[in-house]
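1. with the sequence up front, the predicted model follows.
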Amino acid sequence: MIALIDGNNLAMRCWFKYPELINNSGENTKIIYGFLWSLKKLLREFPTINKVYVAWDTGIPQFRKELYPMRSEERRVGKECRSRWS
């Protein structure tokens, strides 16, 4: 069985789910912790998985923006709210 993970989505979920986890160097490690915890849980719940692929956004402009330019405008409110919590 193959598992395909949306890396950006999982990283954002971990960022907002876990409290500040700071290592000895002063770096925040909550995304790494949450990502590995989720991967471990996935493999434990589905023992037949033998391959895991993680897809990351590349930062290249997406076709959705051309189809619906207001999409980004609607998301600005969400970014403002998130900045208050981080």
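-> Looks like it came in fine.
2. make it CA atoms for all contacts and neighbour counts henceforth
-> Fine.
3. quick one: low-confidence parts of this structure?
-> 61-62, 64-65, 69-86 (pLDDT under 70).
4. need the helices for it, in chain order.
-> 7-17, 30-45, 63-67, 70-85 (DSSP state H).
5. nearest residue to the middle of the protein?
-> Ranked by distance to the mean C-alpha position of the chain (Cα atoms, centre = their mean), the top residue is A11 at 2.3 Å.
6. that residue: what's it in contact with?
-> Listed by Cα atoms under 8 Å, 6 or more residues apart in numbering, the contact set of A11 reads 31, 34-35.
7. between the residues you listed, which is closest to T48?
-> Top of the list for closeness to T48, among the contacts of A11 and by Cα to Cα, is F35 at 19.8 Å.
8. quick one: that closest one from R13, how far?
-> Going from F35 to R13 by Cα to Cα, to the nearest Å gives 9 Å.
9. which one's more surrounded, the two?
-> F35 (19 against 14; other Cα atoms under 10 Å).
10. what about the nearest residue to L10 once chain neighbours are set aside, distance to A55?
-> Of all residues not flanking L10 in the chain, F35 sits nearest, at 6.8 Å (Cα to Cα, 6 or more residues apart in numbering). Separation of F35 from A55 (Cα to Cα): 13 Å.
11. what do you get for M12?
-> Per Cα to Cα, M12 is found 14 Å from A55.
12. same question, L21
-> Distance check for L21 against A55: by Cα to Cα, it reads 25 Å.
13. kindly report the same for G7.
-> 5 Å.
14. between the two, which one's more packed in?
-> Comparing G7 with A55 by other Cα under 10 Å, the one with more neighbours is G7, at 15 against 11.
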